[in-house]
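*Asks:* turn this into a model:
(chains A and B)
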Amino acid sequence: MNSQMNLEKQPKKAENRRSIRKIFPSILENISVLLIVLFLFVPIFWIFLTSFKPYEEVFTTSIFFQPTLENYLAVFSSSFDLGKYYSNSTIVVVVTLLITLVVSVLASYSLSRFYIPGKQIIMFGILATQFIPLIINVIPYFVMFRNLGLLDTTLGLIIVNLGHTIPYAIWLIKGFMDRIPIAIEEQASIDGASRLRIIWSILLPLAKPGIITASVFCFVIIWNEFMFALILTNREAVTLPVALQFFIGEEGVIWNQMAAAGTLFILPTVVFMLLVRKQFVQGMTSGSIK
Amino acid sequence: MKNKLFKYILLIPAFILLALTTFYPLVRSFWISLHDWDLKETAEMGPFVGINNYLNAFSDYQFWNTLKATLIFTGSTVITTIVLSILVGLLLSKEKKHLSFIRAVLIIPFAVSPALIGYSWRFMLNPDYGLFDRIIGFFIPALSDVIWLSHEATAMVALVSVVVWIFMPFISLMFISALMGMPKEVFEAAKVDGASSMQTFFRITLPMLQPIILIATILTTMFTLKAFDPIVTLTQGGPGASTSVLNFFIYKTGFQFFNLGYSAALGYILAGITMVVVIVYMRRLVKGDQWN
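*Replies:* Next up, the predicted model:
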């Protein structure tokens, strides 16, 4: 945060020397940029700050306090058991993502490279499933899972999430494969490589930006998925976003501990997103504009 | 011949999974929507009632209230998000060093859990110790005594601001990448011809952005109609039913009152609304293409 604000101030100084006609708009511009940055990052910063606050300081807006790690220790203790929810979330994400990527890469290859009757309709149908509010699907899932004993299991959550991630993954990956020239594969197939071999050792490396974009997108979706987990789990398979409500007790909300759990909760997606930011933003924006 | 089989084999895993996880529940849900089913009373699906559940919605005053809340919520969220995102796009798409740093971190809110942000808004709007409450009270003293989440209008404002916070960074990035990809010659030519910056914006930039504005509007509308997490964590649909949008009302009907048949029917009504909106936008999009 601090470094950002410093960056804001430097150009202002330089611009003071310019003619008066230009100063006003450029100050206005810098103030607007500053407001945007504050609006977007103060909430995150405040969660982060609160997570280090001792209990007495939570109910003040002070920025200066004796920071403590107590909250982080508390959320891992047996009374909250963050470790359990973290591992639930991790299992759901890893398994869903692996299955999603394998089936979506295969399907995207087929949809990108071959003549398939009704391809346009298939692609639209896949996307249309995501126009439909997913709450519709939860109703039969609830009934089926109750009968099958899958309520409150990570397996149940994995199944539901697959229906959510595969459509996006197919769209994103197919978009990238369409842009890879087919001539490269033809050359390899003349050289006698098998089809699966071509997908694995030629197409996959070339489609890597698309696969990374799809992975990050699906990772964020599953990691933050709230509705399915809220309805289909209650104790054993609870994932992180739903576990946050356990900090709301009869005596009020334990904000500092919720903030500590929240900070650890958003850490993986934020770090992952920053690592592959360039590819992700390019992939998403060019994909949606195309 | 081998190729012919191969291409379908590749499709099969994805199709089986989609059929089981999406298409089957959709059909099953529709079937449930044609039945009377109160899960509190029976574990088995009740009698077939045809389209009664759908007809009931239209005579249910709660449904109409919900629809009104949905309209206000969606309308204000979409308009605010699009206008702000264009503004952010214009501000951040210049070639400056500190701006490129902000562009780089702009994607972060997209990765943050909407549920957590809902809670944090609740924390920050608290009238006794909330940071936002203090800041707003400091700059606009007239609003310092407002208890944000206990009045219908201000609770809606709070909810809209959360959802705008969630969508705006991503939509802004779409505009930024469009603006930065625009040919510079056009703007130079406009400058040479003496066009003011306002004229340039309304005559050149905005028309060139039009297709992206439409796509961004479609995406924002779809996601706003499906918004769920911030409503549960911020307002719980309250105060009263003022922020109880359709998606949340379906959840309450199905999983707090366990009226599954009615809940499924409401779900299909929401799906219908979403489809109509998307098709209307899409037709404009296609028309726009023909114009160019």
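
*Asks:* which helix or strand contains residue 214?
*Replies:* You didn't say which chain, so I picked chain A. Element membership for A:A214, per DSSP states H and E: helix A:208-224.

*Asks:* oops, wrong one, chain B.
*Replies:* Following DSSP H and E, one finds B:L214 within helix B:206-225.

*Asks:* contacts for stretch B:188-197?
*Replies:* With contact meaning CB atoms under 8 Å, 6 or more residues apart in numbering or on different chains, stretch B:188-197 is reached by B:199-200, B:203-204. C-betas here are computed from N, CA, C, even on glycine.

*Asks:* cool, stretch B:199-219 as well?
*Replies:* The contact list for stretch B:199-219 (CB under 8 Å, 6+ apart) reads A:288-289, B:78, B:82, B:85-86, B:90, B:171, B:174-175, B:178-179, B:182, B:186-187, B:190-191, B:195, B:278, B:281-282, B:284-285, B:288-289.

*Asks:* for the helix holding A:A214, packing partners?
*Replies:* Here helix A:208-224 touches helix A:82-113, helix A:154-178, helix A:255-275, helix A:277-289, going by 3 or more CB pairs under 8 Å, 6 or more residues apart in numbering or on different chains; DSSP states H and E.

*Asks:* so which bits of that helix are buried?
*Replies:* Residues of helix A:208-224 classed as buried: A:209-224 (neighbour count, 16 or more other CB atoms under 10 Å in any protein chain shown).

*Asks:* excluding its backbone neighbours, what's nearest the residue of the stretch 151-290 of chain A found nearest chain B?
*Replies:* Using CB to the nearest CB, the closest approach of the stretch 151-290 of chain A to chain B is made by A:G163 at 3.2 Å. Of all residues beyond its chain neighbours, the one nearest A:G163 is B:T21 (3.2 Å), with distances taken as CB to CB, 6 or more residues apart in numbering or on different chains.

*Asks:* again with B:G89
*Replies:* B:G89's closest residue in space is B:F175 (CB to CB, 6+ apart), at 3.0 Å.

*Asks:* buried residues in the strand or helix carrying that neighbour?
*Replies:* Counting by DSSP H and E, the element that carries B:F175 is helix B:152-180. Buried residues in helix B:152-180, counted by 16+ other CB under 10 Å: B:154-156, B:158-179.

*Asks:* cool, and stretch B:139-147?
*Replies:* Going by neighbour count (16+ other CB under 10 Å), the buried part of stretch B:139-147 is B:V146.

*Asks:* and the next helix or strand past the helix holding A:A214?
*Replies:* Later in the chain than helix A:208-224, the nearest helix or strand by DSSP H and E is helix A:227-232.

*Asks:* rewinding a little: right, and the residue nearest to A:G163 touches A:I158 too?
*Replies:* No. Counting by CB atoms under 8 Å, B:T21 stays clear of A:I158, with 9.7 Å between them.

*Asks:* next, B:H35: phi, psi?
*Replies:* Per-residue torsions, B:H35: phi -120, psi 160 (degrees, to the nearest 10).

*Asks:* what bridges to it?
*Replies:* Here B:H35 sits in beta bridges with B:F48, going by DSSP bridges.

*Asks:* can you pull the contacts of it?
*Replies:* B:H35 touches B:45-49, B:261, counting by CB under 8 Å, 6+ apart.

*Asks:* likewise A:A229?
*Replies:* Neighbour list for A:A229: A:157, A:237-239, A:241-242 [criterion: CB under 8 Å, 6+ apart].

*Asks:* pick the one among these closest to A:I23.
*Replies:* Nearest to A:I23 out of those is A:P241 (CB to CB; 46.3 Å).

*Asks:* which element is that closest one on?
*Replies:* Take DSSP H and E as the rule and A:P241 turns out to sit in helix A:240-243.

*Asks:* now that helix, how far from the chain's geometric center?
*Replies:* 15 Å (CA atoms, centre = their mean, to the nearest Å).

*Asks:* just name whatever secondary elements that helix is in contact with.
*Replies:* Using 3+ CB pairs under 8 Å, 6+ apart, the elements in contact with helix A:240-243 are helix A:82-113, helix A:227-232, helix A:255-275, helix B:114-124.

*Asks:* in the first one, what counts as buried?
*Replies:* So the one you mean is helix A:82-113. A:82, A:84-86, A:88-89, A:91-93, A:95-97, A:99-101, A:103-113.

*Asks:* residues in contact with whichever helix or strand comes after that helix?
*Replies:* Using DSSP H and E, the helix or strand that follows helix A:82-113 in sequence is helix A:119-131. Residues from elsewhere that reach helix A:119-131, judged by CB under 8 Å, 6+ apart: A:111, A:116, A:163-164, A:166-168, A:170-171, A:174, B:18, B:22-23, B:26, B:222, B:271, B:274-275, B:278.

*Asks:* can we see that at 7 Å?
*Replies:* Outside helix A:119-131, the residues that touch it by CB atoms under 7 Å, 6 or more residues apart in numbering or on different chains are A:111, A:116, A:167-168, A:170-171, B:22, B:222, B:274-275, B:278.

*Asks:* name the member of these with the most neighbours.
*Replies:* Among the contacts of helix A:119-131, A:I170 has the most neighbours (other CB atoms under 10 Å in any protein chain shown), with 27 neighbours.

*Asks:* residue contacts, the nearest residue to that residue once chain neighbours are set aside?
*Replies:* Leaving aside its sequence neighbours, A:I170 sits nearest to A:S104 (CB to CB, 6+ apart; 4.8 Å). Contact partners of A:S104, counting by CB under 7 Å, 6+ apart, are A:166, A:169-170, A:173, A:214, B:14.

*Asks:* would you turn the residues you listed into CSV with distance to B:Y251 and pLDDT?
*Replies:* Formatted as CSV, the contacts of A:S104 follow (distance: CB to CB, whole Å; pLDDT from 0 to 100):
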residue, distance to B:Y251, pLDDT
A:I166, 24, 94
A:A169, 26, 93
A:I170, 28, 93
A:I173, 32, 90
A:A214, 29, 90
B:A14, 29, 92
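
*Asks:* of those, closest to A:F228?
*Replies:* A:I166 (14.8 Å).

*Asks:* wait, that closest one sits on B:L18?
*Replies:* Yes. Using CB atoms under 7 Å as the test, A:I166 is close enough to B:L18 to be in contact (5.8 Å).

*Asks:* between these two, which is the more surrounded one?
*Replies:* Remark: of A:I166 and B:L18, A:I166 carries more neighbours, 27 against 21, as counted by other CB under 10 Å.

*Asks:* do you know how far that one is from B:Y119?
*Replies:* For A:I166, the distance to B:Y119 equals 30 Å [CB to CB, to the nearest Å].

*Asks:* returning to that earlier point: show me which pair in the contacts of helix A:119-131 is furthest apart.
*Replies:* Distance extremes for the contacts of helix A:119-131: the farthest pair is A:I116 and B:T274 at 27.3 Å, using CB to CB.

*Asks:* so which residue is smack in the middle of the chain?
*Replies:* You didn't pick a chain, so chain A it is. A:V220 (1.4 Å; CA atoms, centre = their mean).

*Asks:* meant chain B actually
*Replies:* B:T224 (1.7 Å).
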